Structures are given as C-alpha cells and as structure tokens.
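1. sequence below, structure please.
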Amino acid sequence: NGLIQVLNTVLLPLVHTNLSEAIASDNNLTYLNVALQRAGMKNMLADASNAYTIFAPNNAAFIAAGYADINAINTADPVVLRRILEYTLFSGRKFIYDYILTTDATDKSEQKMYTGSNIAISLVKSGVNYTGITIKGIGNPGTGTIVKPNVLAGNGVLHITSLVLKENL
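-> Here you go, the predicted structure:
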C-alpha cells in the first residue's frame, strides 16, 4: 500500500517556502539569482501553485560558461538568459533517487526540460551502489556533476550543478 525509498542521506526539513527564496539564500547561486531577475523568472519560481525541479548552475558554472562576473549577466540579453534558464528546469518534483529508481540497465535516461528539449542523465556508481547522477545538455561537450542534491523548497526541488546546461552547440 506504499513505497519505501531508501536514501543514503538525511533529508533536511523544509527551510524555504519557494525555489526563488532557496536560490536567493545560497551564496553559491548569486549568478543564477541575478540571471533569474534579469530574465524575469523570479516570480515564476516563487509561485506556490506550480512545482519545479531545477538543475541550478552554481557561480563557477556561470563563469565557465562565459559570464565572468555579475555585470556580464546584467548586460546579457534577457531573452537569451530566459531560454538558458528554462533549459535548467522542468515541471514537477524529482529527487536524485527517482532517477536511480527509474533508469534502466543502460544507466542512462533523458529528462524533458521546460523548453521541450531533453538532457541526458547518467547514473554514477560506486562499487555496486548508485550514488548520484551526471547531467549533459544537447549543446554541452561534457557532463556536469550534482554539487548539492535534493534541496527541498515548498514548490520544488533544487539540484545545484557544476554546469550551465546548453541547448545549442
């Protein structure tokens, strides 16, 4: 009459009422927070009536993607930023363990993002145990890691990543 999910970590209590607040409170996500403001997406992620999962690029990921500082984000085209950010999220809540439970024997799957394009998900294995996932956008030459998984907010889940997902080459 139910499902038991075995976790390898303790889930923290709900601290943030929404994803916008969770992003704003993390010093490693200041570039993302500014990008969301510039793209006009802060209210979307504060809306309690919709749930999202976000693969949130940390500051180092934005720097590696060519945004040298906050000013580079503030001067970027808001339409371009919005398209980039929409490729980092999708509707609904999904924890890392959900990928481990639903991925087939290939250890690979795909996730459809808000833009309609998919990202590649690969399971990470340590010995016989699955310990996490890596992510890769269509336009990324390499994969990114999940730096901090399963940050729960009232309207979704945040996975902090080492990669800005790219939809185009």
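
2. for the worst-scoring helix or strand of the chain on mean pLDDT, packing partners?
-> Least confident helix or strand, the chain: helix 96-102 with a mean of 92, by mean pLDDT, DSSP states H and E. Packed against helix 96-102, as judged by 3 or more Cβ pairs under 8 Å, 6 or more residues apart in numbering; DSSP states H and E, are the following elements: strand 108-112, strand 118-126, strand 129-136, strand 144-153. Where you see a C-beta, it was placed from the backbone N, CA and C, and this is true even at glycine.

3. how about these in TSV, adding mean neighbour count?
-> Output for those, formatted as TSV (neighbours: other Cβ atoms under 10 Å):
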stretch	mean neighbour count
strand 108-112	14
strand 118-126	16
strand 129-136	18
strand 144-153	19
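
4. of all those, which one is nearest residue 37?
-> Nearest of these to residue 37, taken as Cβ to Cβ: strand 144-153 at 17.4 Å.

5. which outside residues touch that closest one?
-> Outside strand 144-153, the residues that touch it by Cβ atoms under 8 Å, 6 or more residues apart in numbering are 9, 11-12, 14-19, 21-22, 28, 55, 57-58, 61, 95-96, 132-136, 157-163, 165.

6. now stretch 105-120: mean pLDDT?
-> Mean pLDDT, stretch 105-120: 96.

7. pretty sure residue 28 contacts residue 158?
-> No - if you go by Cβ atoms under 8 Å, residue 28 and residue 158 don't touch, sitting 11.3 Å apart.

8. pick out whichever of the two has more residues nearby.
-> residue 158 (25 against 16; other Cβ atoms under 10 Å).

9. the more buried one should be in a helix, yeah?
-> No - assessed with DSSP: H, G, I helix; E, B strand; the rest coil, residue 158 is strand; it does not lie in a helix.

10. contacting residues around it?
-> Taking Cβ under 8 Å, 6+ apart, one finds 19, 22, 23, 53, 54, 56, 151, 152 in contact with residue 158.

11. what count of nearby residues applies to the second one?
-> Other residues near residue 22 come to 24 when the count uses other Cβ under 10 Å.

12. surely it is in a helix?
-> Yes - when three-state DSSP is applied, residue 22 is found to be in a helix.

13. distance of the residue nearest the centre of the chain from residue 4?
-> Note on the chain: the residue nearest the mean C-alpha position is residue 55, at 0.7 Å, using Cα atoms, centre = their mean. In this view, residue 55 and residue 4 are 26 Å apart by Cβ to Cβ, to the nearest Å.
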